[in-house]
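Chemist: all I have is the shape, not the residue letters:
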């Protein structure tokens, strides 16, 4: 087997993942594109050499947006069948969903499959360029530090399942070179060139513009910024989790705001976000959040109630609780 720069990089990334230090079952989310084929090739070559991973399965979610989706599936199955691993195909039957909605549905399908089959690790083929594009999309939408630090190498989700992105340190240019070197049968998806898609416009217009007119090193600079932001975000997140655990009620959906009242504003905001996301899977509105933090500091206050998305949020006797 020919060892390339990406093979060595993949090996380094795999060895960094503590979750892969023991035999685990792995579900690999794929498409017919260059990133997925690169990931399949790297995984199969790695396993052929080290026999380290076991019980590998592939999963593909068909949005059925394109007229050639059936041919794409056949093309993908022709390639994955040489791996002797199972490939699962799911189809989304609801048409006219937004891109963000389809992305959420796709993740739910993959997650439910992993839970059903007791899979511990999910691999996705997100690369460094995807990370750059996601950063710019989130920045335009007005995200905070958490959103800027999206698409990390490893993310833990429910039921002790981890998402790992082994290509996140590899850029599109290296992946294209890798696919050409090994003659991987990339399926050309014409929707990747529709400028009605915000991500495509960022990829083909905004990033080249920034590189050409502001800094040829813009991609490296953004990646460095994201790396630093991720470290700082993780520090704030860990401290916020400790505060939330110390402040929450042992029985009711409530937490004692006196525990966080004199903490830094960044930690207070995080604790409120954790409370609503953990209990209701909701992202708290910024205006409501600012009101709640302001109400926390009113001396000798009576009971205060705020209505938000059918939830009655109460502040009374040092507690934030929901009716």
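Modeler: Looks like it came in fine. Bear in mind the structure is a predicted one, so any value in this text is a computation, not a measurement.
Chemist: for the top strand by length along the chain, which strands pair with it and how are they oriented?
Modeler: Here the longest strand in the chain is taken by residue count, with DSSP state E as the criterion, and it is strand 54-62. Based on DSSP bridges, the pairing partners of strand 54-62 within the sheet are strand 25-29 (parallel), strand 86-91 (parallel).
Chemist: what's the most buried one of the ones you listed?
Modeler: strand 25-29 (a mean of 22; mean count of other CB atoms under 10 Å). From N, CA and C alone the C-beta is placed, and that goes for glycine too.
Chemist: three-state assignment of the residue nearest in space to the middle of the chain?
Modeler: The geometric centre of the chain, computed from its C-alpha atoms, lies nearest to residue 151 (CA atoms, centre = their mean), at 4.5 Å. Under the three-state scheme (DSSP: H, G, I helix; E, B strand; the rest coil), the conformation of residue 151 reads as coil.
Chemist: nearest residue to it in space, please, no chain neighbours.
Modeler: Nearest in space to residue 151, with sequence neighbours left out and distances taken as CB to CB, 6 or more residues apart in numbering, is residue 131 at 4.6 Å.
Chemist: is it true that the one you found touches residue 168?
Modeler: Yes - contact status for residue 131 versus residue 168: in contact at 6.1 Å, counting by CB atoms under 8 Å.
Chemist: which one of the two has more residues nearby?
Modeler: Residue environment comparison for residue 131 versus residue 168 gives the larger neighbour count to residue 131, 23 against 19, counting by other CB atoms under 10 Å.
Chemist: so when I look at that one, I'm seeing a helix, right?
Modeler: Yes - residue state for residue 131 (three-state DSSP) corresponds to a helix.
Chemist: quick one: contacts for it?
Modeler: Under the criterion of CB atoms under 8 Å, 6 or more residues apart in numbering, the neighbours of residue 131 are 150, 151, 168, 223, 226.
Chemist: got a pLDDT number for residue 294?
Modeler: According to the prediction, residue 294 has pLDDT 92.
Chemist: quick check: which element contains it?
Modeler: Per DSSP states H and E: residue 294 is located in helix 286-296.
Chemist: so residue 28 versus residue 68, what's the distance?
Modeler: Using CB to CB, to the nearest Å, one obtains 23 Å as the distance from residue 28 to residue 68.
Chemist: wait, I meant residue 110
Modeler: 22 Å.
Chemist: name the residues of the helix or strand hosting residue 9 that come out as buried.
Modeler: Element membership of residue 9, judged by DSSP H and E, is helix 5-16. When burial is assessed from 16 or more other CB atoms under 10 Å, helix 5-16 yields the following buried residues: 6, 7, 9, 10, 11, 13, 14.
Chemist: tell me the one of those residues nearest residue 142?
Modeler: residue 13 (31.5 Å; CB to CB).
Chemist: does that closest one touch residue 128 like I think?
Modeler: No - Residue 13 is not in contact with residue 128 according to CB under 8 Å; the separation is 11.8 Å.
Chemist: what sits in contact with each of these two?
Modeler: 168, 169.
Chemist: next SSE downstream of the longest strand of the chain?
Modeler: Using DSSP H and E, the helix or strand that follows strand 54-62 in sequence is helix 69-80.
Chemist: okay, now the unreliable bits of the stretch 201-323 of the chain?
Modeler: With pLDDT under 70 as the threshold, the stretch 201-323 of the chain has no low-confidence stretch at all.
Chemist: in it, which spans are strands?
Modeler: Counting by DSSP state E, counting those that start in this stretch, the stretch 201-323 of the chain forms strands over residues 254-256, 304-308, 311-316, 319-322, given from the N-terminal end onward.
Chemist: what ranges do the helices span in this protein?
Modeler: Shown for the chain, the helices assigned by DSSP state H span residues 5-16, 34-50, 69-80, 99-116, 128-141, 145-148, 172-181, 198-201, 207-213, 218-247, 265-280, 286-296.
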